[in-house]
Structure formats: C-alpha cells, structure tokens
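Colleague: let's see this in three dimensions:
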Amino acid sequence: MKGLLAQIIRRLQLRESWVIFFILGIIMMTFPFMHIFNQPILLLGYPLLFLYLVVGWVISIIVIYLFMIASRTNGGSATEKDEP
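Modeller: Presented below is the predicted three-dimensional model:
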C-alpha cells in the first residue's frame with residue numbers, strides 16, 4: 001500500500017497531471033455533463049444532479065490533497081536542507 005501511494009505521489013509531481021485534472025474539472029462543469037445528470041431521478045433521497053456535484057467536489061478535494069502531498073515531498077526536502 002505504501003508503494004502504491006509513493007507511485008501516485010511521484011506521478012502527481014508532473015506538471016501535465018495538474019493541467020489534465022484542471023481541464024477535467026472544467027469539462028465536468030460544462031452543459032452536456034450537467035444536462036446528463038439533471039434528471040428527475042432520486043438516489044438515496046437526493047436528486048442526481050446534487051449527488052453529481054457533491055461527489056465531484058469531494059473528488060476534487062481529494063485530488064488537491066494528493067497534489068499538496070506531492071508538492072511537499074518534492075519541495076519540502078530542499079527547504080529543510082537550507083535551514084540551519
């Protein structure tokens with residue numbers, strides 16, 4: 001499990017992955033996707049569009065958290081060496 005987390009963090013350090021997740025987040029908010037989930041369907045008592053937005057929001061928070069971990073492991077060791 002630790003090796004998998006290290007591999008994910010290594011891949012998230014790439015600048016391309018930041019751009020890909022940003023574009024994916026913008027695409028999630030476009031009309032076609034919003035229209036697909038804007039249906040009169042209730043899941044667990046909540047409208048489908050509401051669940052789509054909340055789950056997307058939670059996933060984006062998790063991705064940002066992983067990016068922050070990746071940036072700390074990349075830049076954190078260099079700043080610690082500079083301090084006396």
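
Colleague: tell me which helix or strand the residue nearest in space to the middle of the chain sits in.
Modeller: The centre of the chain sits closest to residue 63, judged by CA atoms, centre = their mean, with a distance of 2.4 Å. According to DSSP states H and E, residue 63 maps onto helix 48-82.

Colleague: which elements pack onto that helix?
Modeller: helix 2-12, helix 15-28, helix 31-37 (3 or more CB pairs under 8 Å, 6 or more residues apart in numbering; DSSP states H and E). The way it works is simple: take the backbone N, C-alpha and C, and place the C-beta from them, glycine included.

Colleague: now the first one: average pLDDT?
Modeller: Read that as helix 2-12. The average pLDDT for helix 2-12 rounds to 70.

Colleague: cool, the longest one as well?
Modeller: Averaging pLDDT along helix 15-28 yields 83.

Colleague: tell me how far that helix is from the chain's mean position?
Modeller: Distance of helix 15-28 from the chain centroid (CA atoms, centre = their mean, to the nearest Å) equals 9 Å.

Colleague: let me see the residues that make contact with it.
Modeller: With CB atoms under 8 Å, 6 or more residues apart in numbering as the test, helix 15-28 has contacts from 11, 33, 56, 60, 63, 67.

Colleague: quick check: ChimeraX command selecting the buried ones in these.
Modeller: Of these, the buried ones can be selected in ChimeraX as follows, counting by 16 or more other CB atoms under 10 Å:
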select :56,63,67
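
Colleague: can you list the contacts of helix 15-28 in JSON lines and add distance to residue 46?
Modeller: Converted to JSON lines, those look like this (distance: CB to CB, whole Å):
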{"residue": "11", "distance to residue 46": "33"}
{"residue": "33", "distance to residue 46": "18"}
{"residue": "56", "distance to residue 46": "14"}
{"residue": "60", "distance to residue 46": "19"}
{"residue": "63", "distance to residue 46": "23"}
{"residue": "67", "distance to residue 46": "28"}
